[in-house]
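> I would like the atomic coordinates for the input below:
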Amino acid sequence: MAAVTPINQGLLTQTREAIVRGLRWLRQHDAEIAQIQDLSAHYKAPYLYAAVGDPVLAGRYARRIGLQFLQPDGDFRTGPADKGWSHLPCSPANRYLYSNGWIIAGLRRLGYYGAAARGIDFVRRFQSIELGGFASRFEPATGHIERHYLDSSSTSSAGLALLACGRVEEAARAGDFLLRLLDAQPHPDRFYYCSWETGAGLMTDVWGDEDPNSVRGRKQFCLSAEADPRYELTWLIGKPMKLLARLYDQIGSRKYLEGSTTLFDFFHKLGDERWHNYASCKTMWASAELYRHTGEPRFAETAGRILSWFCESQLSGGLWVHYLWYRDEREQPLQAALDLVQELCAEMSDVVFDLSAAGV
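Numbers count the residues shown, from 1 in each chain. Below is the predicted model of the structure:
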């Protein structure tokens, strides 16, 4: 039977136009972008330009990542003792491998295998032998991995990189850690706790600090269905949704599909403003893949609704403003703007593929 697509022609046209505007905005700022030395401005570029099919820019960024940011230990960072993220220091402090996952997946997609191989060897050092999850924290100056703390975002980023490199068994162990973490949730209808302390279990003593910029703030460790969903870090469920969906595709075990669906269902426990949260892009990204694997309309409807909002919320010049952190375009640093535009253009491209490729 011929494939059907749940993405209507109007939304498909809107999405293509939004991606084109985003890419145009990036080209207009090419000279400024080239001057930024912080890795946070560039780490999604290889994946983006692989996704949208621009071999010239893909090659330029792959070379820059490999020559400027790949360190002798296999990590990608701004300098020998500096990960980067001068505009958002809470990110590498708690989710160190997040950028590594994007870079490795992008380099593999481009066939830039040498740098990706060195990168994945560094990432593999973070995996817990006992639990399969990945450590959250690393100190570049000393090379110390803080192995007491694991989290689902680092685990998901590492797992996606492992799958991109064909290391399915190690990725499956990462997925099994995510399932363990889901099983341990004490209030699964109210909260999703994303971090694990080895020897103690799920970290639930995370309350008291509601500042999203705080390294120790609650929002870094727990997604609450009882808080304002427009300002929650909903990517805490979107990234593990994506890894579990890919593991289901690769391995075929329904436990991974069920785990991904559990996270999908939690997203729908949040209030209506969940649709207007920039961090929900990862739920969009994962939901579209779940639709491709299952054909269930609810996944396509969720992906399409979030996709539509991203088309509507883009500024006329092609930029998006990350309202989780910034009030307007003037307040948003260029690094943060690049992070958001690169990610959204890449994920929107992937979403169109998944929604269009699903067949029944």
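
> hmm, which helix or strand of the protein has the shakiest average pLDDT?
helix 90-94 (a mean of 90; mean pLDDT, DSSP states H and E).

> then stretch 197-209 to CSV, C-alphas only?
Taking C-alpha atoms only, stretch 197-209 is exported to CSV below (Å, rounded to 0.1, in the frame of the first residue of the first chain):
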residue,chain,number,x,y,z
GLU,A,197,23.2,8.8,42.4
THR,A,198,25.1,5.6,42.4
GLY,A,199,24.7,3.7,45.6
ALA,A,200,21.6,5.7,46.5
GLY,A,201,19.2,5.6,43.5
LEU,A,202,16.9,8.2,42.0
MET,A,203,17.7,11.8,43.1
THR,A,204,14.5,13.3,44.4
ASP,A,205,15.9,15.7,47.0
VAL,A,206,16.2,18.5,44.4
TRP,A,207,13.7,21.0,45.6
GLY,A,208,14.1,24.6,46.8
ASP,A,209,15.8,26.5,44.0
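
> so what's the gap between that stretch and the chain middle?
Centroid displacement of stretch 197-209 relative to its chain, using C-alpha atoms, centre = their mean, to the nearest Å, is 23 Å.

> hmm, back to that, give me the contact list for the next helix or strand after the least confident helix or strand of the chain.
Scanning forward in sequence from helix 90-94 by DSSP states H and E, the next helix or strand is helix 98-110. Helix 98-110 is contacted from outside by 39-40, 43-48, 50-51, 58-59, 62, 65-66, 69, 75-76, 83, 91-92, 113, 115-116, 119-120, 122-123, 153-154, 156-161, 164-165, using C-beta atoms under 8 Å, 6 or more residues apart in numbering. Placement of C-beta: from N, CA and C, glycine included.

> now swap in stretch 283-298 and tell me
6, 234, 237-239, 241-242, 245-246, 248-249, 257, 260-261, 263-264, 267, 299-300, 302-303, 306-307, 310, 347, 350-351, 354-355, 357-360.

> out of those residues, which are buried?
Of the members of those, the ones counted as buried by neighbours, 16 or more other C-beta atoms under 10 Å, are 6, 234, 237-239, 241-242, 245-246, 248, 257, 260-261, 263-264, 267, 299-300, 302-303, 306-307, 310, 347, 350-351, 354-355, 358.

> restricted to strands, list the contacts of stretch 283-298.
Nothing among the contacts of stretch 283-298 maps onto strands, per DSSP state E.

> of these, which belong to helices?
237-239, 241-242, 245-246, 248-249, 257, 260-261, 263-264, 267, 299-300, 302-303, 306-307, 310, 347, 350-351, 354-355, 357 (DSSP state H).

> S40 and P297, how far apart?
Applying C-beta to C-beta, to the nearest Å, the value for S40 to P297 is 37 Å.

> T261 is in contact with L182, correct?
No. Between L182 and T261 there is no contact under C-beta atoms under 8 Å: 10.6 Å.

> tell me where this protein has strands.
Secondary structure of the chain (DSSP E): strands at 134-139, 144-151, 191-193, 195-197, 201-202, 222-224.

> quick one: residues contacting the closest residue to T262 other than its chain neighbours.
Of all residues not flanking T262 in the chain, L182 sits nearest, at 5.7 Å (C-beta to C-beta, 6 or more residues apart in numbering). Shown in contact with L182 (C-beta under 8 Å, 6+ apart): 188, 259, 262-263.

> what's the answer for I36, then?
For I36, the contact set (C-beta under 8 Å, 6+ apart) comprises 42, 334-335, 338.

> tell me which two in the residues you listed are the farthest apart.
H42 and L334 (11.5 Å; C-beta to C-beta).

> so those two - more neighbours on which side?
H42 (26 against 15; other C-beta atoms under 10 Å).

> thought that one was touching R63?
No. Using C-beta under 8 Å, H42 is not in contact with R63; the gap is 11.2 Å.

> how far away is the closest residue to S349 other than its chain neighbours from Q342?
Of all residues not flanking S349 in the chain, A51 sits nearest, at 4.4 Å (C-beta to C-beta, 6+ apart). Separation of A51 from Q342 (C-beta to C-beta) stands at 10 Å.

> any weak-confidence spans in the protein?
The chain contains residues with pLDDT under 70 at 1-6, 359-360.

> which residues does the closest residue to G22 other than its chain neighbours contact?
Distances taken as C-beta to C-beta, 6+ apart put C345 closest to G22, at 4.3 Å, once the chain neighbours are dropped. Contacts for C345 (C-beta under 8 Å, 6+ apart) come out as 18-19, 22-23, 26, 48, 51-52.

> tell me how far the residue nearest in space to the middle of the chain lies from G111.
Note on the chain: the residue nearest the mean C-alpha position is K239, at 5.1 Å, using C-alpha atoms, centre = their mean. From K239 across to G111, the span is 25 Å (C-beta to C-beta).

> how about G317?
33 Å.

> could you do Q28 as well?
Between Q28 and G111 the distance is 28 Å, computed by C-beta to C-beta.

> please identify which of these two sits among more neighbours.
Q28 (13 against 10).

> ok, which stretches of the stretch 1-150 of the chain are helices?
Secondary structure of the stretch 1-150 of the chain (DSSP state H, counting those that start in this stretch): helices located at 9-28, 30-35, 45-52, 55-64, 90-94, 98-110, 113-124.

> and the last one, which residues are buried?
Residues 115-116, 118-120, 122-124 are the ones in helix 113-124 that count as buried (16+ other C-beta under 10 Å).

> make a markdown table from those residues and add distance to Y192 to it.
What follows is the buried residues of helix 113-124, written out as a markdown table (distance: C-beta to C-beta, whole Å):
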| residue | distance to Y192 |
| --- | --- |
| A115 | 34 |
| A116 | 31 |
| R118 | 33 |
| G119 | 29 |
| I120 | 28 |
| F122 | 28 |
| V123 | 24 |
| R124 | 26 |
